[in-house]
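*Asks:* Fold the following for me, if possible:
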Amino acid sequence: MKVKESTLQRCKNDGDDHEELFKQRIQSAGYRYNESTNQDDWYRHIDCYVDGYGVDVKANRYLDTIWLEHTNINGNKGWLRGDAQYIAMFVNEFDAFCIFNREDLLGFILDNVKEKTTDKTQYLKYYTREKWGRKDLVVKVRYNDIKHLELKKL
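*Replies:* Here you go, the predicted model:
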């Protein structure tokens, strides 16, 4: 199962656009914003620093479809197990970034997800694509599953 180059480019552009939007909103709210290095982005899952705290910015989440990455496609730590202090998810229906403590999200998954599935329509299970040679483990949740963990909207 190979992803088209055009799809990858569209996702990258969308991510870049949302990172820029996050930067604008952070600065408008009076916070100090600094870009991360490529090393921090690639290996630590930190897109930027806000008042010195690492933040990983996620684009295009929906109230009924939020994917949380435990393990990436290569079998390495997913962004839930990265080094960012905060995760900023842009939820389309709110037109806002929902800010979460990364460790709170990870703890929620570790406490509440026990089964694996190959059915991407199921919630609160580790979705795997092992049959296609991928090593990722992601969990599909609804906003209502994690809203109690939200720190702020921006």
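*Asks:* looking at it, Tyr33 is touching Leu21, isn't it?
*Replies:* No: if you go by C-beta atoms under 8 Å, Tyr33 and Leu21 don't touch, sitting 12.0 Å apart. C-beta here means a position set from N, CA and C on the backbone, and glycine is covered the same way.
*Asks:* Point to the helix or strand of the protein where mean pLDDT is at its lowest.
*Replies:* Taking mean pLDDT, DSSP states H and E as the measure, the chain has helix 5-28 as its least confident helix or strand, at a mean of 80.
*Asks:* which ones are touching the most centrally placed residue in the chain?
*Replies:* Computing the C-alpha centroid of the chain and ranking residues by C-alpha atoms, centre = their mean puts Lys58 first, at 4.6 Å. Counting by C-beta atoms under 8 Å, 6 or more residues apart in numbering, Lys58 touches His18, Trp79, Ile87, Ala88, Met89, Phe90.
*Asks:* repeat that with 10 Å
*Replies:* Lys58 sits next to 15, 18-19, 22, 47, 66-69, 79, 87-91, 97-98, 100 when contact means C-beta atoms under 10 Å, 6 or more residues apart in numbering.
*Asks:* From those residues, which land in strands?
*Replies:* Among the contacts of Lys58, the residues falling in strands (DSSP state E) are Ile66, Trp67, Leu68, Glu69, Ile87, Ala88, Met89, Phe90, Val91, Phe97, Cys98, Phe100.
*Asks:* Can you name the residues bridging to the first one?
*Replies:* According to DSSP bridges, the residues that bridge with Ile66 are Val141.
*Asks:* now it: how far from Leu124?
*Replies:* Separation of Ile66 from Leu124 (C-beta to C-beta, to the nearest Å): 11 Å.
*Asks:* Need the overlap of contacts for those two.
*Replies:* Val139, Lys140, Val141, Arg142, Asp145.
*Asks:* Now the last one: closest residue in space that isn't a chain neighbour?
*Replies:* Taking C-beta to C-beta, 6 or more residues apart in numbering as the measure, Asp145 lies nearest to Leu124, with 6.9 Å between them; neighbours along the chain are not counted.
*Asks:* Same question for the longest strand seen in the chain: list its buried residues.
*Replies:* Taking DSSP E as the criterion, the chain has its longest strand at strand 53-61. Neighbour counts over strand 53-61 (16 or more other C-beta atoms under 10 Å) mark Gly54, Val55, Asp56, Val57, Lys58, Ala59, Arg61 as buried.
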